[in-house]
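*Asks:* How does the following fold in three dimensions:
(chains A, B, C and D)
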Number of protein chains: 2
Amino acid sequence: MAVDGKDLLTIGEVSDRSGFPQSALRFYEREGLLRATRTAGGQRRYERAVLRRLAFIRAARTIGVGLDEVRAGLDRLPDGRTPTKADWTRLSRSWRGRLDEQIQALQALRDGLDSCIGCGCLSLQRCRLYNPGDYVASYGAGARLLPPMLRRPPAEDL
Amino acid sequence: MAVDGKDLLTIGEVSDRSGFPQSALRFYEREGLLRATRTAGGQRRYERAVLRRLAFIRAARTIGVGLDEVRAGLDRLPDGRTPTKADWTRLSRSWRGRLDEQIQALQALRDGLDSCIGCGCLSLQRCRLYNPGDYVASYGAGARLLPPMLRRPPAEDL
DNA sequence: GTGTTAGCTGAAGTCAGGTTGAGGTCAAGA
DNA sequence: TCTTGACCTCAACCTGACTTCAGCTAACAC
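*Replies:* Residues are numbered from 1 along each chain as shown, chains lettered A, B, ... in the order given. Predicted structure coming up:
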């Protein structure tokens, strides 16, 4: 494990410590989100800093940031030196506003639903749930507001 | 349009009035969410009630309900008679709780982010953003909390 | 040196929720 | 009747984020 004093990690170790499957780590490397050195035999060896990078990726994915954007963020990290806390903080600060927007969008939806429950309208013209606001509507018909991970199994009382 | 007094709608009319592309209407029919009668020549003719059904589908999709679950909901509508407002209300009431849960999950995420910003930690062990609560975590690694439609283009200050 | 476990690649598959295209048919107005 | 726009089917394709598989090699413990 501790090889020539450099303490590099195998893909299995990175997988165990980060929780990402090895397949995802290889995928992220292909996609340019991670880098790894190789042994003479071609196996990946990761620096410890990759764990922080993966933490960033996990956090970004959790709030719905796409990989393209994650890559863009990671690409702005300083090239030569190991990123500092301040670098990571700068990166994550912009998510706060994004999350706020997402919460507001959902709350608007809920309010719309409240105005529908009881009237049973779901009117094509008037219902706020059917005709969400501009922000939501601008993404076009059929778009998904919420992802699989927040979906529950069908409610019994439906 | 008004054929033998029954006032059936063509797929084009349903598309125009509902906002769903014709391709989606055909897809929903294949998936068992809609039904249509056919003309002698095989063209679809829809009853007006399909518009309300589509309103339900649109609303459900907007809050992130998958088609499987939408179908399950629609299947519970009374078979013989035209659904009443009360039927639709019953169907949509259960979404309220779901939306509340979704909003709470996002708020928890935001609070976690707040505790991270400034410390720049993103610690694998401690960071709440990296290790979201049980509800979220139970959906497994790599899951997406938020969908494309709530994603903004990359922020300039990232 | 041998066995076991871990790792490699590239291609293909998965899932949802549809869209797109080719090639052909129907319905309605002039 | 003719024409033109609307409609039909079936199969293939799309996006995003990965996973899975087959067939093979590396690393390490004994």
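
*Asks:* The longest helix along chain A to helix B:85-116, inter-axis angle?
*Replies:* Identified as the longest helix of chain A according to DSSP state H is helix A:85-116. When axes from the mean of the first three to the mean of the last three C-alpha atoms, to 10 degrees is applied, the directions of helix A:85-116 and helix B:85-116 differ by 160 degrees.

*Asks:* now check helix A:85-116, is it near DNA strand D?
*Replies:* No: Helix A:85-116 lies out of reach of DNA strand D by C-beta under 7 Å from any atom of the strand, never closer than 14.2 Å. Using the backbone N, CA and C atoms, a C-beta is placed for each residue, glycine as well.

*Asks:* tell me which residues in that helix are buried?
*Replies:* A:87-95, A:98-99, A:102-103, A:105-106, A:108-110, A:112-113, A:116 (16 or more other C-beta atoms under 10 Å in any protein chain shown).

*Asks:* swap in stretch A:17-35?
*Replies:* For stretch A:17-35, burial by neighbour count (16+ other C-beta under 10 Å) applies to A:R17, A:S18, A:G19, A:F20, A:A24, A:L25, A:Y28, A:E29, A:L33, A:L34.

*Asks:* didn't the fourth one look like it was pressed against A:L54?
*Replies:* Yes: with the criterion set as C-beta atoms under 8 Å, A:F20 and A:L54 qualify as a contacting pair; they are 6.1 Å apart.

*Asks:* Mutual contacts of these two, please.
*Replies:* A:V14 (C-beta atoms under 8 Å, 6 or more residues apart in numbering or on different chains).

*Asks:* Could you pull out the helices in chain A for me?
*Replies:* A:11-18, A:22-30, A:49-62, A:67-75, A:85-116, A:134-137.

*Asks:* among the ones you listed, which gets the worst mean confidence?
*Replies:* For these, mean pLDDT drops lowest on helix A:134-137, to a mean of 37.

*Asks:* and A:L25, what does it touch?
*Replies:* A:I11, A:V14, A:S15, A:S18, A:L34, A:R44.

*Asks:* farthest-separated two in the residues you listed?
*Replies:* A:S18 and A:R44 (13.3 Å; C-beta to C-beta).

*Asks:* Cool, thanks, talk later.
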